[in-house]
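Participant: Below is the structure, and that's it, no one-letter string:
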């Protein structure tokens, strides 16, 4: 299989060595609008056939990986799909919900793979959390608390929710397996027109409440996810050097006496167990899933419909932020 990479900037350049080292990829063709970047990639990666014209690559390849700003996703992906190519898009899928719907429709009608690189879903630790939830080892999931913060990079075309919270929304979609019924969000822009911090709540039909805090202004890098269940709580800290994933059995137990209408509350001290996994590369797993879904004629784990759902949540969150926290239904 021969693959084209459109966009060889910060994210695209990280993809290049993974594409070149994938044994199921026979060749990589690269394009970027920046001539100096094209020259640098050609010099640093002799295995990439860098071209000057984006249109020419669709004749040479079987699949297209798009790693460009979100505003360009729809036009590039549509052209690739209409040229009969499978497509992998950097997150988020598109900047408008109707564009996401159209890409999903084109891919379905032409029998092509459309996938979005919701990279967090391909972590080994996230796979383990999914196993715990599916096996109901945590009991019933009650709440989710997620923080993703760092200093920069401030964007001109999207706010912090589209840049950072998209990871959490995609992760929740993968782990919980359902859409929120409603969302609410507040945010603030201190240095430009785009919100640099946001506090977002997602409300699910089964009673789960998820809270997501994202920031471009934090001097400390934070990547923390807490999922609380009736029996166990999972704490995942992606920035921790060790003990990244901890499962705690501490919690609350409620009981009632026969003759009392007032419930009795007891606090369970429980224990904490560290889950140790081998080193994995989510980027490699994500690309393997893309290639595998094409070869096996199946939908990838983070397919176009997953991308559409995430864009729907992002669109509703942006509306809520613009209306100072108004609760926006998604039903």
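Facilitator: Sure, I can see it. The structure presented is a predicted model; accordingly, all values stated were derived computationally and were not measured.

Participant: In terms of secondary structure, what does the helix or strand residue 315 falls within contact?
Facilitator: Using DSSP states H and E, residue 315 sits within helix 304-322. Other helices and strands packing on helix 304-322, by 3 or more Cβ pairs under 8 Å, 6 or more residues apart in numbering; DSSP states H and E, are helix 97-110, strand 114-116, helix 166-176, strand 182-188, strand 197-203, strand 328-329. The C-beta positions use only the backbone N, C-alpha and C, and glycine is treated the same way.

Participant: To residue 282, which of these lies closest?
Facilitator: Each of those has some distance to residue 282 by Cβ to Cβ; the shortest is helix 166-176, at 11.3 Å.

Participant: now the angle from that closest one to helix 304-322?
Facilitator: 120 degrees (axes from the mean of the first three to the mean of the last three Cα atoms, to 10 degrees).

Participant: hmm, who's touching helix 166-176?
Facilitator: With contact meaning Cβ atoms under 8 Å, 6 or more residues apart in numbering, helix 166-176 is reached by 91-92, 116, 118-121, 126, 129-130, 133, 141, 144, 146, 148, 179-180, 202, 204, 208, 210, 212, 214, 225, 227, 301-302, 306, 309-310, 313-314.

Participant: Likewise for stretch 291-298?
Facilitator: 1, 22, 24-25, 62-63, 86, 113, 115, 299-300, 303.

Participant: What residues sit buried inside it?
Facilitator: For stretch 291-298, the buried set under the neighbour-count rule, 16 or more other Cβ atoms under 10 Å, comprises 291, 293-294.

Participant: quick one, domains of the protein?
Facilitator: Per the record, the chain has its domains at 2-118, 121-283+311-329, by automatic domain parsing.

Participant: so how far is the longest one from its chain's centroid?
Facilitator: Put plainly, it is domain 121-283+311-329. 13 Å (Cα atoms, centre = their mean, to the nearest Å).

Participant: now do the first one
Facilitator: Offset of domain 2-118 from its chain centre (Cα atoms, centre = their mean): 18 Å.

Participant: sorry, back to before: hey, which of the domains of the chain is tucked in deepest?
Facilitator: Scoring these by mean neighbour count under mean count of other Cβ atoms under 10 Å gives domain 2-118 as the most buried, with a mean of 18.

Participant: Report the mean per-residue pLDDT for that domain.
Facilitator: On average, the pLDDT along domain 2-118 is 95.

Participant: ok, for residue 106, nearest residue in space, not its chain neighbours?
Facilitator: Closest residue in space to residue 106, ignoring its immediate chain neighbours: residue 81 at 4.6 Å, by Cβ to Cβ, 6 or more residues apart in numbering.

Participant: Contact partners for the one you found?
Facilitator: Going by Cβ under 8 Å, 6+ apart, the list of residues near residue 81 reads 87, 103, 106-107, 110, 112, 114.

Participant: what about it, distance to residue 207?
Facilitator: 39 Å (Cβ to Cβ, to the nearest Å).

Participant: Surely the residue nearest to residue 106 is within a helix?
Facilitator: Yes. Counting by DSSP: H, G, I helix; E, B strand; the rest coil, residue 81 falls inside a helix.

Participant: Tell me where the protein has helices.
Facilitator: For the chain, the helices defined by DSSP state H cover 10-20, 35-44, 73-82, 97-110, 124-134, 160, 166-176, 282-295, 304-322.
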